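[1] Sequence and predicted structure below; questions after.
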Amino acid sequence: MRRNLGKKTGYLFVLPWILGFAVFTAFPLFYSFYLSLHQTTITATGFIGEFTGIGNFREAISMDIGFIRDVGGFSIISMIAIPMIVILALVMSLLLNYPLKFRGIFRTIFFLPVIIASGPVIDKLIDMGVTTIPTLPDYTFYWFLQGSDNIFATAALLVLDGFIIFLWLSGVQLLVFLAGLQKLDKQTVEAARVDGASAWEIFWKITLPGLSTLILVNIVYTTVMFAQTTFNPVIEHISFNMLHPNTGYGYASALAWLYFVVISLIMVALVGLFALFSKDSLK
């Protein structure tokens with residue numbers, strides 16, 4: 001009797017979340033897929049849709065050169081930027097985990113861009129040139145990278161040009177890593193030091209394996225977060241087609257679902273690469 005009452009009480013507490021998920025997430029999700037199978041037009045009475053099947057998807061893949069170009073460029077940038085953001089968050093969390101004076105103030109400073117630099121604000125900052133290092137083009141190696149036409153030079157330029165943005169986007173991940181570092185078994189670390197382990201060995205054999213689950217969490221979070229940034233050209237392309245009279249919500253929904261598939265593949269690839277890395281290195 002008490003067990004059944006406990007279950008009903010639990011369901012009662014979860015019910016608001018279930019209703020919110022059904023109304024604000026599940027219904028729009030399935031409705032967008034329904035729209036993606038139709039050619040839609042907006043009238044005074046609402047949407048009028050003509051069923052086209054996979055016609056919108058076929059047109060996006062075979063005809064929309066701009067969408068293919070934007071998705072391809074974003075995929076390349078994501079495979080570089082997302083690991084970079086996670087690595088920066090890990091490095092900063094290790095530094096801020098030491099018992100330094102004013103440590104709380106430094107943590108606040110690193111997290112502050114998460115609150116300030118969001119939405120239209122970061123767009124304005126990018127237009128003002130705040131997100132670039134002013135003296136970077138003065139160095140010879142920067143001009144050398146610009147003159148090189150290979151994937152390594154492109155990756156290096158991406159990291160250098162977007163370093164400040166990557167730093168701003170790593171605030172939440174930093175807090176996640178800090179929480180994980182504070183939960184590590186200090187006795188194991190002290191025992192390793194007594195046995196003569198160096199700081200480098202402690203990091204690779206104790207700290208990093210202990211944070212492996214949080215690294216996966218941050219990879220997933222960073223992938224989703226980076227895919228929704230306002231300066232993402234794919235988002236702009238989808239928004240443009242959503243309001244265009246020749247395409248409309250149906251075609252934009254098809255683009256959004258294709259983009260979702262691309263993001264899922266990027267996430268699977270990054271998680272798989274980390275799994276291979278952890279299998280080979282974190283033994």
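    Noted; the coordinates are in hand.

[2] Show me where the stretch 1-150 of the chain has its helices.
    2-21, 27-36, 55-62, 65-96, 103-116, 120-128, 140-147 (DSSP state H, counting those that start in this stretch).

[3] could the ones you listed be laid out in a markdown table, adding mean neighbour count and distance to residue 224?
    No exception for glycine: its C-beta is placed from N, CA and C like everyone else's. Listed next are these as a markdown table, based on neighbours: other CB atoms under 10 Å; distance: least, CB to CB, whole Å:
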| stretch | mean neighbour count | distance to residue 224 |
| --- | --- | --- |
| helix 2-21 | 9 | 17 |
| helix 27-36 | 15 | 15 |
| helix 55-62 | 17 | 22 |
| helix 65-96 | 18 | 10 |
| helix 103-116 | 14 | 15 |
| helix 120-128 | 13 | 17 |
| helix 140-147 | 12 | 30 |
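
[4] Give me the mean pLDDT for stretch 178-185.
    Over the span of stretch 178-185, the pLDDT mean works out to 86.

[5] again, but for stretch 251-269
    Stretch 251-269 comes out at a mean pLDDT of 92.

[6] Residue 89 contacts residue 221, doesn't it?
    No - applying CB atoms under 8 Å as the test, residue 89 and residue 221 come out as separate, 10.2 Å apart.

[7] overlap in contacts of these two?
    173, 176 (CB atoms under 8 Å, 6 or more residues apart in numbering).

[8] Residue 48 is nearest to which of the helices of the stretch 1-150 of the chain?
    Ranking the helices of the stretch 1-150 of the chain by proximity to residue 48 (CB to CB) places helix 27-36 first, at 11.5 Å.

[9] Could you tell me which other helices and strands that closest one packs against?
    Applying 3 or more CB pairs under 8 Å, 6 or more residues apart in numbering; DSSP states H and E, one finds that helix 27-36 makes contact with helix 248-281.

[10] Report the buried residues of the helix it packs on.
    Neighbour counts over helix 248-281 (16 or more other CB atoms under 10 Å) mark 248-259, 262-263, 266-267, 270, 274 as buried.

[11] got the angle for that helix vs helix 65-96?
    Going by axes from the mean of the first three to the mean of the last three CA atoms, to 10 degrees, helix 248-281 is angled at 40 degrees with respect to helix 65-96.

[12] Now do helix 248-281: which elements does it pack against?
    The helices and strands touching helix 248-281, judged by 3+ CB pairs under 8 Å, 6+ apart, are helix 27-36, strand 38-43, helix 55-62, helix 65-96, helix 212-227, helix 233-243.

[13] Which one of these lies nearest to residue 200?
    The minimum distance between residue 200 and the helices and strands packed on helix 248-281 falls on helix 65-96, with 12.0 Å, by CB to CB.

[14] and the closest one, how far from the chain's centre?
    7 Å (CA atoms, centre = their mean, to the nearest Å).

[15] Which neighbouring elements make contact with it?
    On a contact count with 3+ CB pairs under 8 Å, 6+ apart, helix 65-96 meets helix 103-116, helix 151-161, helix 163-168, helix 171-183, helix 212-227, helix 233-243, helix 248-281.

[16] Same list, these, but as CSV with distance to residue 21 please.
    Listed next are the helices and strands packed on helix 65-96 as CSV, based on distance: least, CB to CB, whole Å:
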stretch, distance to residue 21
helix 103-116, 25
helix 151-161, 36
helix 163-168, 30
helix 171-183, 22
helix 212-227, 17
helix 233-243, 23
helix 248-281, 18
